[in-house]
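> Could you look at this predicted model? Sequence included:
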Amino acid sequence: MRRSARQAASWGACATAVTVLVAFAACSRREDTANEARVVGADDAAVDGGSADDVFGGALDGGRVDAMKAGPAPLPGCALSAPGIDTCGPDAGERCCESPLIPGGTFNILEDGTPASPPPFVRGTISPFRLDRFEVSTGRFRRFVGAVESGWTPPAGSGKHTYLNSGKGLTLGPVGVFEPGWVGEWSALLPKDSAAWTEALSCPFTTWTAAPGDYESRPINCTNWFEAYAFCIWDGGFLPTISERSFAVAGGGEQRVYPWSTPSDAGTVDCSYANFGGADFPKSACVGAGQLGVRHTASVGSRSPKGDGKWGHADLAGNVTEWLLDRRGVLANPCVDCLSVLGSNPPPETHLSYGGDYSNNNASQLASFVRAQRPESRAAWIGLRCGRAP
């Protein structure tokens, strides 16, 4: 089994009155322009500024916690051997449910070490947590679909970071307010039978097939936010936040330009590191360049270990963009294990996903790339990855 200590992510940019705003790509978009979707400006609510003390006493991403230490015992999505369960990584020989530990620390959220992410930054502190090494494969998602078809739905209030704040989870806005978890009414939005799932996941270039097929080791795509959140709950985890995912991509305080940047300011990006669209998608695409009908995603972990992040996570850029727990809004500054708070008059694109995808250009693979989506959005470039308790 391949193991390597690599990257983590970090997102830098926002102002003292910190509003996380992102340029976004609509669900119907087929290609990105060079200046698409980076974090911009501040507008809505003012939040108290200030610098965050390092609550981890300077250890942060030093000290090399055993970052590749195996996670807790087999997850529901990996209980049995099957394609997409134990066929991940560059040689298709890794378990797909590895979840390396990220040690936590303090860093600048959304900073990628380039002039495009200007100060002042949102200072973020996250507690240690686990993040899945791979994007969720179609084979893993198939197990979840079977559970929902058999009547499983997320319990109300589930999916929280229960190891924080005595089980209350992440902080949300005012003092004493915490993440709500799954809302019971959302369960009605999940497809209930095989035909409904196949219809829901049938956007162009989908990796889903009604029966197991050739794409079990590809990342599941065409999922909306509710389905992504429900999967992570069923699989014993949660959707990661913008600050957690940012920490993983940027290597924490290293503030890497790309997830794989070693040294942190190394600006090389090509198809050996990530599956992305290049300067002239689809002609310059890393997979299926210019060919109609080709699924442009690649098997999860196919660019590992070269494209891995600091702590061994694959495909932190490229392949598919991944749903986040946060909604588009305001981050406290400093942000300590926090969620963003919706400002007044939020736009319809209220939910966020992180990371460039197979159709994005070079700039979109930077460690600070995020986009806003409607929660019901489905597209071949949208997938997911789960976080877990440490």
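Sure, I can see it. Residues are numbered from 1 along each chain as shown.

> which stretches of this protein have low pLDDT?
1-74, 118-119, 289-293, 295, 343-346 (pLDDT under 70).

> swap the cut-off to 90 and go again
Where the chain drops to pLDDT under 90, the residues are 1-81, 113-121, 173-176, 278-284, 287-296, 328-330, 340-350.

> who's in contact with the longest helix anywhere in the chain?
Scanning the chain for the helix with the most residues, using DSSP state H, yields helix 138-149. For helix 138-149, contacts defined as CB atoms under 8 Å, 6 or more residues apart in numbering pick out 76-79, 82-85, 87, 96-97, 190-194, 197, 207-209, 212, 215-220, 223, 230-231, 234-235. Yep, even glycine has a C-beta here, placed from its N, CA and C like the rest.

> If you go by neighbour count, which of the residues you listed are buried?
77-78, 82-85, 87, 96-97, 190-191, 197, 207-208, 215-220, 223, 230-231, 234-235 (16 or more other CB atoms under 10 Å).

> Among those, name the ones in helices.
Per DSSP H, the buried ones among the contacts of helix 138-149 map to helices at Trp197, Ala230, Phe231, Trp234.

> Output the residues you listed in a markdown table; the columns should cover distance to Pro375.
Putting those into a markdown table (distance: CB to CB, whole Å) gives the following:
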| residue | distance to Pro375 |
| --- | --- |
| Trp197 | 18 |
| Ala230 | 12 |
| Phe231 | 14 |
| Trp234 | 18 |
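
> Spell out for me which residue occupies the centre of this protein.
Within the chain, one residue has its C-alpha closest to the average C-alpha position: by CA atoms, centre = their mean, that is Glu322, at 4.0 Å.

> ok, the residue nearest to that residue when sequence neighbours are not counted - how many residues close by?
If you skip the residues right next to it in sequence, Glu322 has Arg385 as its closest partner in space, 4.8 Å away by CB to CB, 6 or more residues apart in numbering. By other CB atoms under 10 Å, the residues close to Arg385 number 30.

> so which strand or helix has Arg385?
Using DSSP states H and E, Arg385 sits within no helix or strand.

> And it, how close does it get to Gly277?
20 Å (CB to CB, to the nearest Å).

> And Ala332, by the same measure?
34 Å.

> out of the two, which sits in the busier spot?
Gly277 (28 against 23).

> need the contact list for that one.
Glu31, Asp32, Ser284, Ala285, Cys286, Asp357, Tyr358, Ser359, Asn360, Asn361.

> Most neighbours among these, which one?
Neighbour counts for the contacts of Gly277 peak at Asp357, which has 32 neighbours (criterion: other CB under 10 Å).

> In three-state terms, label that residue for me.
Following DSSP: H, G, I helix; E, B strand; the rest coil, we place Asp357 in the coil state.

> Give me the distance between the closest residue to it other than its chain neighbours and Arg123.
Nearest residue to Asp357 in three dimensions, chain neighbours excluded: Trp381, at 3.7 Å (CB to CB, 6+ apart). Distance, Trp381 to Arg123, using CB to CB: 31 Å.

> out of these two, which sits in the busier spot?
Remark: of Trp381 and Arg123, Trp381 carries more neighbours, 28 against 23, as counted by other CB under 10 Å.

> Ala298 is in contact with Asn275, isn't it?
Yes - taking CB atoms under 8 Å as the definition, Ala298 is a contact partner of Asn275 at 4.3 Å.

> between those two, who's got more neighbours?
Asn275 (27 against 22).

> Can you give me the separation between the more buried one and Val300?
10 Å.

> Quickly list what's touching both of the two.
With CB under 8 Å, 6+ apart as the test, Asn275 and Val300 both reach Asp315, Asn319.

> overlap in contacts of Ala298 and Asn275?
Common contacts of Ala298 and Asn275 (CB under 8 Å, 6+ apart): Cys286, Val287, Asn319, Tyr358.

> show me where this structure has helices.
Using DSSP H, the helices of the chain run over 138-149, 194-200, 225-234, 242-250.

> need the ones you listed in CSV with distance to Ser158, can you?
Compiled in CSV, the helices of the chain are given as follows (distance: least, CB to CB, whole Å):
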stretch, distance to Ser158
helix 138-149, 14
helix 194-200, 21
helix 225-234, 5
helix 242-250, 18
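
> To Pro348, which of these lies closest?
The minimum distance between Pro348 and the helices of the chain falls on helix 225-234, with 12.7 Å, by CB to CB.

> who does the closest one touch, helix- and strand-wise?
helix 138-149, strand 321-327 (3 or more CB pairs under 8 Å, 6 or more residues apart in numbering; DSSP states H and E).

> So which of these is nearest Ser353?
strand 321-327 (4.2 Å).

> Sheet partners, orientation included, of the closest one?
Applying DSSP bridges to the sheet, strand 321-327 is found paired with strand 351-354 (antiparallel), strand 382-383 (parallel).
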